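S.K.: based on what follows, work out the 3D shape:
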Amino acid sequence: MNADATFVVYQNGSFTATAAPDDLTEALARAWWAQDWQDVLSFALHAECAWLTLGSVEATGYEVAVWHTADRGSLLGISSECGLATLVHVPEPSDWWPFQTAHLVPLLSAMGSLGSARQLGRLADAFISYARHGEGRHINRGDGSSKIDQEELDAWRARMAGRTR
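M.R.: This next block holds a predicted model:
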C-alpha cells in the first residue's frame, strides 16, 4: 500500500496491486501518515490488531501486525520507526497459511535474527568497554567509548596538527 490508497493483495500464490475498497480509502490515507496507524485500521476494520513481533520497533527495526476479519480476510501491516511501511491484504482464508509459511515466517525469522545480532553487538560493546576500562572512566557504555579513547584521539590530532606537509 502507498499514499495513493492501493492494496498489495496476495491471492493464489501471487501478489498484485489493486485499488483499495471505497469504504477503507479514507482510513488508509489517515493510517499511511499517522503514528497510531494500527488504531486507525482497527477502527476501520472493526477488528483487533494482533502483533506478530515481540518487543518494540527499536529492538527489531520493524513491527508486524495482523487483523483477521470475517468479511475481508486478513490484513497484514508492517511498520518501521517512521510509521506504516506496507499493507498486504490476504482476502481468502485458504491463502493465509501459504502466505504465512512462504513469506511471513522468513521475514519474522530475519527480523528476529537482526534484533538478536543488534543486542549481541550492544552486549559485546559493553563488555569490551568494561574489560578495557573497568575503572569507570566511561563516556558511553553502550558503544564502548571511554575517556581513554578520547584522550588518545586528542593526542593523535595534536600530533597531526603539528605536522607540516
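S.K.: Glu48 against Trp67, yeah?
M.R.: Yes - between Glu48 and Trp67 there is a contact under C-beta atoms under 8 Å: 7.3 Å. Yep, even glycine has a C-beta here, placed from its N, CA and C like the rest.
S.K.: find residues that contact each of these two.
M.R.: Residues touching both Glu48 and Trp67 by C-beta atoms under 8 Å, 6 or more residues apart in numbering: Ser42.
S.K.: so these two - more neighbours on which side?
M.R.: Using other C-beta atoms under 10 Å as the criterion, Glu48 and Trp67 rank with Trp67 on top: 22 against 10.
S.K.: grab the longest helix from this structure for me.
M.R.: The longest helix of the chain (DSSP state H) is helix 105-132.
S.K.: just the buried residues of that one, please?
M.R.: Of all the residues in helix 105-132, those buried under the rule 16 or more other C-beta atoms under 10 Å are 107-108, 111, 115, 125-126, 129.
S.K.: just stretch 17-27 next, same as before
M.R.: For stretch 17-27, by 16+ other C-beta under 10 Å, it's 20, 24, 27.
S.K.: just send these back as a markdown table, with pLDDT too.
M.R.: Shown next, in a markdown table, are these (pLDDT from 0 to 100):
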| residue | pLDDT |
| --- | --- |
| Ala20 | 82 |
| Leu24 | 82 |
| Ala27 | 80 |
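S.K.: closest one of these to Asn12?
M.R.: Ala20 (19.8 Å; C-beta to C-beta).
S.K.: surely that closest one is in contact with Leu28?
M.R.: Yes - under the criterion of C-beta under 8 Å, Ala20 makes contact with Leu28 at 5.3 Å.
S.K.: number of residues surrounding Thr101?
M.R.: 10.
S.K.: is it in a helix, a strand, or coil?
M.R.: Here Thr101 is recorded as helix under DSSP: H, G, I helix; E, B strand; the rest coil.
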